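Student: let me see the structure of the following:
(one chain, ligands or ions: 1)
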Amino acid sequence: MKKVMFLCLGLIALISCGEQKSKNEKAFKIPVYAWTGGPGDASDKELSEQFADYKEKGIDGLLYNGGHDPETYKRVGALVKKVGMEFHAWIPTMVQGKNPKISEDLYAHNRNGESALEKPAYVPYYTFLCPSKEGTYDFLSNLYGSVAAVPEIDGIHLDYIRFPDVILAEGLWDKYGLVMDKEYPEYDYCYCERCTGDFMEKTGIDIKTAEDASQVKEWKQFRYDLITNLVGRLAKVVHEKDKTINAAVFPGPTIAKAKVRQEWNKWDLDAVYPMNYNDFYLKGPEWVGEVVKEEVASVNGMKPIYSGLFICPNPENKSNENDPENHGLLPSEIGTAIKTSMENGATGICLFTPERMKEHWVAFEKAIYTEYTVK
Ligand SMILES: [Zn+2]
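Tutor: Next up, the predicted model:
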């Protein structure tokens, strides 16, 4: 009997060894990142199990949204590093809620003169700061500097590093009951005294008296540059701590410039994570590759582009679902989105989010262990 037991154990060891080997023998895997966050009330054990599961599924690094406290990143980062994944702190930039550290006059103003703090566009959390104000930089440089100093951090991941959507993505128009055929004043920022004054000084144009501010090219460029300069200053802060800096951006940058004034191809970043969320633009999974092509070309292939994929959390319900936030790639579409991203020059992909992935994991595994040729 004992012999049989030993034999069985031996067989199990052999089988699991074989499985291990075949996974290691897969010669190639594309780099995969994921947006996630927490930790809420989760224990170290629960977090470690979750991270080990993500690693096992093929995820190489997390962009982790854990608030502003460096201690959170220290604790969670240690657990993430332990399972062998990269750890980046994902912290929204221009969107900041009421905070005793932020003076109320730092918030952006729209073309009607309304403060984003008092009258945010679209949704209550759209409380954007003005990028011109020195206090905005001071707050952000302290925030990112203190988190970048955490040894367990590999990098800082900026998000909402932009103006509010002056044009909302087409897939969201129904949700908000809007037809955004042009730039409307209530969604157009920032018209505070500092922004309009600096612009006047630089160009001689009084944008407040312009007949149609949306047609003034210099004013558009001025605002792209405000964000570009802010990224450059934050990059310095993070690089001084010997950490990397990257950002979630809108696709393009053609779409990114037109909708949220991000000329991100000019930003001083170590990597870019465009949110190539096809459903928001009423497009299929093939579109992801088309936009990746533009993204890679926009940085002359000099910076890694990780193609951000929006996952449908309840695939069986997608056709009945009105809210675009619950749309996204189906299990039958994720393979195409990955393939077309890689064939158009992406360095890897990024999942929004692993928690939304259901039966997607089967097609995902097949797709990430495939070697692609750039077209
Ligand atoms: Zn301003």
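Student: quick check, residue 246 in a helix?
Tutor: No - assigned with DSSP: H, G, I helix; E, B strand; the rest coil, residue 246 falls outside any helix and is strand.
Student: which residues in the stretch 201-350 of the chain form helices?
Tutor: 217-240, 254-260, 286-298, 331-343 (DSSP state H, counting those that start in this stretch).
Student: how far does the first one sit from the chain's center?
Tutor: The offset between the C-alpha centroid of helix 217-240 and the centroid of the whole chain comes to 17 Å, using Cα atoms, centre = their mean, to the nearest Å.
Student: what does this protein put close to the ion?
Tutor: Residues of the chain found near the ion, taking Cβ under 5 Å from the ion as the criterion, are 130, 132, 190, 192, 195. (Each C-beta comes from the backbone N, C-alpha and C, glycine too.)
Student: grab the nearest non-local neighbour of the fourth one.
Tutor: Excluding the flanking residues, the one nearest residue 192 by Cβ to Cβ, 6 or more residues apart in numbering is residue 109, at 4.5 Å.
Student: beta partners of that neighbour?
Tutor: For residue 109, the beta-bridge partners are residue 115 (DSSP bridges).
Student: what's it in contact with, if anything?
Tutor: 115, 116, 130, 189, 190, 191, 192 (Cβ atoms under 8 Å, 6 or more residues apart in numbering).
Student: out of the residues you listed, which is most surrounded?
Tutor: Within the contacts of residue 109, most neighbours by other Cβ atoms under 10 Å means residue 189, with 28 neighbours.
Student: and the residue nearest to that one when sequence neighbours are not counted, how many neighbours does it have?
Tutor: Spatial nearest neighbour of residue 189, excluding adjacent residues (Cβ to Cβ, 6+ apart): residue 108 at 4.4 Å. Residues near residue 108, counting by other Cβ under 10 Å, number 27.
Student: hmm, back to that, residue 162 is nearest to which of the helices of the stretch 201-350 of the chain?
Tutor: Nearest of the helices of the stretch 201-350 of the chain to residue 162, taken as Cβ to Cβ: helix 254-260 at 4.0 Å.
Student: buried residues, that closest one. List them.
Tutor: Within helix 254-260, the residues scored as buried using 16 or more other Cβ atoms under 10 Å are 255, 256, 257, 258, 259, 260.
Student: now the third one. Nearest residue, chain neighbours left out?
Tutor: By that I understand residue 257. Residue 257's closest residue in space is residue 263 (Cβ to Cβ, 6+ apart), at 5.7 Å.
Student: same check on the fifth one?
Tutor: Closest residue to residue 259 in three dimensions, ignoring its sequence neighbours and counting by Cβ to Cβ, 6+ apart: residue 167, at 4.8 Å.
Student: quick one: what helix or strand has that neighbour in it?
Tutor: Counting by DSSP states H and E, no helix or strand carries residue 167.
Student: run a quick neighbour tally on it.
Tutor: Neighbour tally, residue 167, other Cβ under 10 Å: 19.
Student: next, it: phi, psi?
Tutor: phi -130, psi 120 (degrees, to the nearest 10).
Student: tell me who's in contact with it.
Tutor: Here residue 167 is in contact with 180, 183, 187, 258, 259 (Cβ under 8 Å, 6+ apart).
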